[in-house]
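Visitor: next input, structure requested:
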Amino acid sequence: MNTVIIQSDTLNLPEPFSRKLRGKKVQLTESNNVITIAPVKSAIDAACGMFTGDGSVTTRFIAQKKQEKDLENG
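Guide: Numbers count the residues shown, from 1 in each chain. A predicted model of the protein is given here:
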């Protein structure tokens with residue numbers, strides 16, 4: 001476990017942690033005297049895989065349009 005003494009308004013993390021988080025947005029949360037630092041996912045990353053299903057909506061749309069056209073043509 002690494003110990004850090006905060007002596008200013010800037011938080012300096014040990015090198016392994018700062019290297020892992022460098023260039024990322026982080027969120028600090030405090031609960032029961034425990035501070036957690038976690039990288040913030042972008043909205044796109046968070047939404048990725050949100051809607052899972054049995055195939056592409058576009059594929060179903062194209063199949064539906066083909067079926068409608070076949071019905072029109074007899």
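Visitor: can you get me a residue count around P14?
Guide: For P14, the neighbour count with other C-beta atoms under 10 Å is 11. Every residue, glycine included, has its C-beta placed from N, CA and C.
Visitor: if I look at it, how far off is L21?
Guide: 11 Å (C-beta to C-beta, to the nearest Å).
Visitor: next one: E30
Guide: From E30 to L21 the distance is 18 Å (C-beta to C-beta).
Visitor: wasn't I62 part of a strand?
Guide: No: assigned with DSSP: H, G, I helix; E, B strand; the rest coil, I62 falls outside any strand and is helix.
Visitor: how many residues are close by it?
Guide: 11.
Visitor: now F17
Guide: 13.
Visitor: follow-up on the earlier one: okay, E30 and L21: which has more neighbours?
Guide: Using other C-beta under 10 Å as the criterion, E30 and L21 rank with L21 on top: 14 against 8.
Visitor: identify the bridge partners of the nearest residue to the more buried one once chain neighbours are set aside.
Guide: Excluding the flanking residues, the one nearest L21 by C-beta to C-beta, 6 or more residues apart in numbering is P39, at 6.3 Å. Beta-bridge pairing for P39 (DSSP bridges): V26.
Visitor: many thanks, have a good one.
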